[in-house]
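Visitor: Have a look; sequence and predicted model below, questions after that.
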Amino acid sequence: MKYQELAVSEPLESEDPLVEPEPVLVPGDDGDSLAALRGQAQDIIDEVLSGTEPSGEHLRAKLRSSIARHPGFPELALLEHLMNRASGN
């Protein structure tokens, strides 16, 4: 059986305007790029979560919350975490 590569397409519209939709995987584009991006995001997440400084626990907890909201999509979890930090949340 031959497997087709999958890539990220435009996200589907969400019925709840406060919830960002997950990207939709579609056949045809470069799935290796998506896998590489997810791997890099996961590496960054793992590095942040491996920290042991007590002063960073609040940020690690917020990152864990982002991961829980985007299971299987570490790139979205990391993006959400970074955007929240940039906006001061």
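Guide: Cool, the structure landed.
Visitor: Next up, phi/psi of residue 53, please.
Guide: With angles defined as degrees, to the nearest 10, residue 53 sits at phi -70, psi 130.
Visitor: Now do it: how many residues are near it, please.
Guide: 8 (other CB atoms under 10 Å). Quick note: C-beta positions are derived from backbone N, CA and C, even for glycine.
Visitor: Ends of stretch 63-81, what's the gap?
Guide: 6 Å (CA to CA, to the nearest Å).
Visitor: buried residues in that stretch?
Guide: Taking 16 or more other CB atoms under 10 Å as the neighbour-count basis, stretch 63-81 is seen to contain the buried residues 63, 66-67, 70, 73-78, 80-81.
Visitor: I'd like the mean pLDDT over that stretch, please.
Guide: Taken as a whole, stretch 63-81 carries a mean pLDDT of 95.
Visitor: Quick check: what element follows the helix or strand containing residue 45 along the chain?
Guide: Counting by DSSP states H and E, the secondary-structure element that holds residue 45 is helix 31-49. Sequence order places helix 57-69 as the next helix or strand after helix 31-49, per DSSP H and E.
Visitor: Pull the residues that contact that next one.
Guide: The contact list for helix 57-69, computed with CB atoms under 8 Å, 6 or more residues apart in numbering, reads 45, 48-49, 51, 74, 77-78, 80-81, 84-85.
Visitor: can you do 6 Å?
Guide: Here helix 57-69 makes contact (CB atoms under 6 Å, 6 or more residues apart in numbering) with 48-49, 77, 80-81.
Visitor: Can you pull out the low-pLDDT segments for this protein?
Guide: Within the chain, the stretches with pLDDT under 70 are 1-31.
Visitor: circling back: so what does the helix holding residue 45 touch, helix or strand wise?
Guide: Contact analysis of helix 31-49 by 3 or more CB pairs under 6 Å, 6 or more residues apart in numbering; DSSP states H and E lists strand 6-8, helix 74-86 as its packing neighbours.
Visitor: Take the ones you listed and write them to JSON lines, including distance to residue 32.
Guide: Rendered in JSON lines, the data for the helices and strands packed on helix 31-49 read as follows (distance: least, CB to CB, whole Å):
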{"stretch": "strand 6-8", "distance to residue 32": "9"}
{"stretch": "helix 74-86", "distance to residue 32": "14"}
